[in-house]
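J.: how would this look folded up:
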Amino acid sequence: MNYKTVIVADGTFPSHEIPLGYIRNAERIICCDGSTESLVLFGMEPAAIVGDMDSLSKELASRYADRLYVDDGQETNDLTKAVTWCIGMGYKDLAIVGATGKREDHTIVNISLLAEYGIVANVVMVTDTGILKPYFTSVQISAFPGQQVSIFSIDTETEITSDGLKYPLHYSKLNNWWCATLNESNGDGFFLKFNNGRIIVYLKFGD
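T.: Down below sits the predicted model:
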């Protein structure tokens, strides 16, 4: 867990010990405005609150008035505003929690945005079931034998070849998000070969 900056999005607040560990071990926690109450109820405080503040109570807005960063633009969501703020502050190792749950459309949007955040930051999304991370070129990924893996390609023309997965890919073009899901690692890692593309890999936690 070498991510000093943790962004708490306004999805379902984590309950699994792994994402909670990221929160507890963070040097700084950045809240999308609507997640502030959940973090405070958890017993921790934000270093900054970013967003349009439409989901922040007056009581919390007053309590943390010294760390509010208002961005009321409608072109991006609050998670993107928080990531952009972090980049502007020089925080480029980012772990995002609380980005899934509640509404499915928000979940899909937040996951897909990893392919944009990853261009400017070292970023992971940690959920109650696993970790998602974007990649932009061939990569060796650590895993454990039998670990469940799903691969999502943002660019449908990207050809992906795998080594070390139960169901191998061979110059495969993934024309929908389901095409390379529900796979497994054969050993302690697997290799994905591709060029000039954007993919997101999901690794499920062990039982």
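
J.: only C-alpha atoms for contact and neighbour calcs from this point on.
T.: Fine.

J.: tally of neighbours for the nearest residue to residue 204 once chain neighbours are set aside?
T.: Closest residue to residue 204 apart from its sequence neighbours, by C-alpha to C-alpha, 6 or more residues apart in numbering: residue 130 at 4.1 Å. Residue 130 has 17 neighbouring residues, counting by other C-alpha atoms under 10 Å.

J.: list the contacts for residue 130?
T.: 202, 203, 204, 205 (C-alpha atoms under 8 Å, 6 or more residues apart in numbering).

J.: can you do 10 Å?
T.: By C-alpha atoms under 10 Å, 6 or more residues apart in numbering, the contact set of residue 130 is 16, 18, 19, 148, 149, 202, 203, 204, 205, 206.

J.: And residue 201, by the same measure?
T.: 131-135, 141, 149-153, 180-181.

J.: State the phi and psi torsions of it.
T.: Backbone torsions of residue 201, given as degrees, to the nearest 10, read phi -110, psi 130.

J.: separation between it and residue 81?
T.: 23 Å (C-alpha to C-alpha, to the nearest Å).

J.: same deal with residue 39?
T.: Look at residue 39 and residue 81: by C-alpha to C-alpha, they are 18 Å apart.

J.: can you pull the buried residues of the top helix by length along the chain?
T.: In the chain, assigned by DSSP state H, the helix with the most residues is helix 78-88. Judged by neighbour count (16 or more other C-alpha atoms under 10 Å), helix 78-88 contains these buried residues: 78, 79, 80, 81, 82, 83, 84, 85, 86, 87.

J.: which stretches of the protein form helices?
T.: 17-25, 36-42, 58-63, 78-88, 104-112, 114-120.

J.: from the ones you listed, which stretch is densest packed?
T.: helix 78-88 (a mean of 20; mean count of other C-alpha atoms under 10 Å).

J.: Mind exporting the C-alpha coordinates of that one to PDB?
T.: What follows is helix 78-88, C-alpha atoms only, in PDB (Å, rounded to 0.1, in the frame of the first residue of the first chain):
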ATOM      1  CA  ASP A  78     -16.600  15.100  -8.500                       C
ATOM      2  CA  LEU A  79     -14.200  12.200  -8.700                       C
ATOM      3  CA  THR A  80     -12.400  13.700 -11.700                       C
ATOM      4  CA  LYS A  81     -12.400  17.100  -9.900                       C
ATOM      5  CA  ALA A  82     -10.700  15.400  -6.900                       C
ATOM      6  CA  VAL A  83      -8.100  13.700  -9.100                       C
ATOM      7  CA  THR A  84      -7.400  16.900 -11.000                       C
ATOM      8  CA  TRP A  85      -6.900  18.800  -7.700                       C
ATOM      9  CA  CYS A  86      -4.500  16.100  -6.500                       C
ATOM     10  CA  ILE A  87      -2.500  16.300  -9.700                       C
ATOM     11  CA  GLY A  88      -2.300  20.100  -9.400                       C
END
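
J.: All set now, cheers.
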